[in-house]
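Novice: Got a predicted structure plus its sequence, pasted below:
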Amino acid sequence: MEEITACLSVVFTNLLTVIKITTFLVFKQNFWEMIHRFRQMHRQSGQRAGGGDGYSYVEDANKQASLLGRAYCISCGLTGVYFMLGPIVQIITSNWRGTIYVRELPMPMKFPFNDVDSPGYEFGFLYTVLVTVVVVAYASAVDGLFISFAINLRGHFQTLQQEIEHFDLALSERETNAGLKSMVDYHEELLSLSRKLRSIYMPTVFGQFVITSLQVGVIIYQLVTHMDSVMDLLLYVTFFASIMLQLFIYCYGGEIIKVESLQVDVAVRVSNWYLASPNLRRSLSMIIMRSQREVLIRAGFYDANLANFVAICRTALSLITLIKSME
C-alpha cells in the first residue's frame, strides 16, 4: 500500500504538470497578448488618473504581483531542492555512521534498468533532477502568470471604482458623455480580460481541483501512516503544503476578481448619480446591471474561490480523523 500511494502521488503530480505545460504551449500567444495588453493599460492608467489614487492601485498591484510571483517561484524551487537533497543527505549520513543505505531516487520512480547500482542510479538521479527542473519552471510560470493577471485585474477594477465614485457630473454634457463612455469602455475591457483569463485557465483550474482533491486523500494517508518517522512526516507535510499552495493561488485569484468586479456596482451607488441627467442615469444603470453578474473563474462544476479551498481543507482534516479511527 505504501508503494501504491507513493506512486499515485508522483502520477497525480506529473499529470497536473502535463496539463499546465499543455496549457502554456497551446495558449502561449494568448499569454503574450494579455501581458502586452496589461502593459498598455498600465501606461494608460497613469494618464487616466493623472498619477492619483487610481494609478496607485495599479502600481501597488504590479508590485504585489511581482513579489508573489517571485516568492512562489522560490517556494517551488526550494521544494524541488528539498526532494533532490534528501537522498544525498541520507547517503552522506549513512557513510558517516557506517551503516548500509539502500539507494533511493528523489521521487518514487522505477526505470526499466538497474537504478540502484552505478551507473544506473546516477543516470536515474540526473533524469529525475532534469524532470523536476522542467516541472518547477512550467508550474511556477503558469501559476505565477495567473496570480499576476488576477492581481492586476483587481488593481484595474479598483481604479475604475475610484473613477466612478469621483466622477464630476457637474461638467458640461459633452465632457460628461466623454467621461462616461471612457468608464464604460474601461469596464468592458476588464470584463473581456476576465473572460479571456477564465477561458485560458479552464483546463488548468479543472485539473487543479480534481487532482488536488485526489492528492489530498493520498497524502493524508501517507501522513497518518508515517507519524513515527520525523523525516518522512516532514517530507509529506512539505509536499502537502506545496500542492495546497498551488490550489490556493487559483482560489485566491478567482476570489479577488469576483469581489472587485461586484464592487463596481457599489461604486456607482455611492457616486453622485442623482446629479446626472436621465440619459446618463440609464447609462449608469447599465454599468450596475453588468457589474451585478459575478465574474467567476469557473471550470466545469468547480469555482475558483476561497470557499471551495476551505472546503477541501476541511475534507483533509476529516480524512485524518477517519483514517486514525480505522487504525
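Specialist: Perfect, I can see it now.
Novice: so who does the closest residue to F240 other than its chain neighbours touch?
Specialist: Counting by C-beta to C-beta, 6 or more residues apart in numbering, F240 lies nearest to I219, which is 4.8 Å off, once chain neighbours are set aside. Where you see a C-beta, it was placed from the backbone N, CA and C, and this is true even at glycine. The contact partners of I219, by C-beta atoms under 8 Å, 6 or more residues apart in numbering, come to 9, 236, 239-240, 243.
Novice: Could you identify the most distant pair in these?
Specialist: Spatial extent of the contacts of I219 (C-beta to C-beta) is set by the pair Y236 and I243 at 10.8 Å.
Novice: Between the two, which has more neighbouring residues?
Specialist: Neighbour comparison, Y236 and I243: the larger count goes to Y236, with 23 against 20 (by other C-beta atoms under 10 Å).
Novice: Which positions in stretch 247-266 come out as buried?
Specialist: Across stretch 247-266, burial judged by 16 or more other C-beta atoms under 10 Å covers 247-258, 260-261, 263-265.
Novice: Point out where this protein drops to low pLDDT.
Specialist: Residue ranges of the chain with pLDDT under 70: 1-7, 46-55, 101-102, 107-111, 115, 229, 231, 323-324, 326-327.
Novice: Give me the number of neighbouring residues for L169.
Specialist: L169: 17 surrounding residues under other C-beta under 10 Å.
Novice: That one reaches L280, doesn't it?
Specialist: Yes: contact criterion C-beta atoms under 8 Å: L169 and L280 qualify, at 7.1 Å.
Novice: got any residues that touch both of these two?
Specialist: The contact lists of L169 and L280 share T176, where a contact means C-beta under 8 Å, 6+ apart.
Novice: helices or strands up against whichever strand or helix holds T159?
Specialist: Secondary structure from DSSP states H and E places T159 in helix 120-165. Contacts defined by 3 or more C-beta pairs under 8 Å, 6 or more residues apart in numbering; DSSP states H and E place helix 120-165 against helix 2-26, helix 28-49, helix 53-97, helix 173-225, helix 230-270.
Novice: can you tell me which of these comes nearest to V136?
Specialist: Going by C-beta to C-beta, the one of the helices and strands packed on helix 120-165 nearest V136 is helix 53-97, 4.7 Å.
Novice: Show me what the closest one is packed up against.
Specialist: Packed against helix 53-97, as judged by 3+ C-beta pairs under 8 Å, 6+ apart, are the following elements: helix 28-49, helix 120-165, helix 230-270.
Novice: now the second one against helix 173-225, angle please.
Specialist: Per axes from the mean of the first three to the mean of the last three C-alpha atoms, to 10 degrees, the angle that helix 120-165 makes with helix 173-225 is 150 degrees.
Novice: from the middle of its chain, how far away would helix 120-165 be?
Specialist: Here the centre of helix 120-165 is set off from its chain's centre by 7 Å, with C-alpha atoms, centre = their mean, to the nearest Å.
Novice: between it and helix 230-270, how many degrees?
Specialist: Put simply, helix 120-165 runs at 20 degrees to helix 230-270, going by the same axes, to 10 degrees.
Novice: What angle do helix 28-49 and helix 120-165 make with each other?
Specialist: Using the same axes, to 10 degrees, helix 120-165 lies at 30 degrees relative to helix 28-49.
Novice: Repeat that for the last one.
Specialist: Comparing the axes of helix 230-270 and helix 28-49 via the same axes, to 10 degrees yields an angle of 50 degrees.
Novice: What is the subsequent helix or strand relative to helix 230-270?
Specialist: helix 278-291.
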